[in-house]
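A.B. asks: Sequence first, predicted coordinates after that:
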Amino acid sequence: MPSFDIVNEIDIQKLDNTINVAVKEISSRYDFHGSKTEVDLDKKTMIINVLTENDMRVKAIQDIIISRMLKQGLDSAALDFGKEHYASGNMLRKEIKVKKGIDKETAKKTC
């Protein structure tokens, strides 16, 4: 019986380029002017950290990251958008995890 392996890995350099371009776009957008928005990628844990002021900006950042990933040829399904958490003051923090591989439950569903 033939078998096959499914590999789902994100190119770290392309992801880093995606985040850098997204940060440039965020800094140049009018609706983010004067905001305390931070977006960075932790390459060791493969987590994108987003810190901003309100829910509308979090959703806009998610859309920017997804559109930039598609332009770089990366699959946006590899992102796991968690819940927003309130940081100090009126800031929102969101951790976007980059999935490596396919978990067991998802692999069983597709077979």
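C.D. replies: All right, it came through fine.
A.B. asks: What is the helix or strand hosting residue 97 packed up against?
C.D. replies: Assigned by DSSP states H and E, residue 97 belongs to strand 92-98. Using 3 or more Cβ pairs under 8 Å, 6 or more residues apart in numbering; DSSP states H and E, the elements in contact with strand 92-98 are strand 47-52, helix 55-72, strand 79-86. All C-beta spots, glycine's among them, are computed from the backbone N, C-alpha and C.
A.B. asks: Report the inter-axis angle for that strand versus helix 55-72.
C.D. replies: Relative orientation of strand 92-98 and helix 55-72, computed by axes from the mean of the first three to the mean of the last three Cα atoms, to 10 degrees: 20 degrees.
A.B. asks: can the helices and strands packed on strand 92-98 go into JSON lines with extra columns for distance to residue 33?
C.D. replies: Listed next are those as JSON lines, based on distance: least, Cβ to Cβ, whole Å:
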{"stretch": "strand 47-52", "distance to residue 33": "13"}
{"stretch": "helix 55-72", "distance to residue 33": "11"}
{"stretch": "strand 79-86", "distance to residue 33": "22"}
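A.B. asks: looking at the ones you listed, which is closest to residue 30?
C.D. replies: helix 55-72 (11.5 Å; Cβ to Cβ).
A.B. asks: If you count neighbours, what's buried in the closest one?
C.D. replies: Buried residues in helix 55-72, counted by 16 or more other Cβ atoms under 10 Å: 57-58, 60-62, 64-66, 68-69.
A.B. asks: quick one: which two of those residues are the most distant?
C.D. replies: Using Cβ to Cβ, the buried residues of helix 55-72 span at most 18.6 Å, a distance reached by 57 and 69.
A.B. asks: Please tell me how far the nearest residue to residue 82 once chain neighbours are set aside sits from residue 28.
C.D. replies: Nearest residue to residue 82, sequence neighbours excluded (Cβ to Cβ, 6 or more residues apart in numbering): residue 95, at 5.5 Å. Separation of residue 95 from residue 28 (Cβ to Cβ, to the nearest Å) stands at 25 Å.
A.B. asks: Neighbour count: the two, which is higher?
C.D. replies: residue 95 (16 against 9; other Cβ atoms under 10 Å).
A.B. asks: circling back to that earlier point, quick one: buried residues of the strand holding residue 97?
C.D. replies: 92, 94-96, 98.
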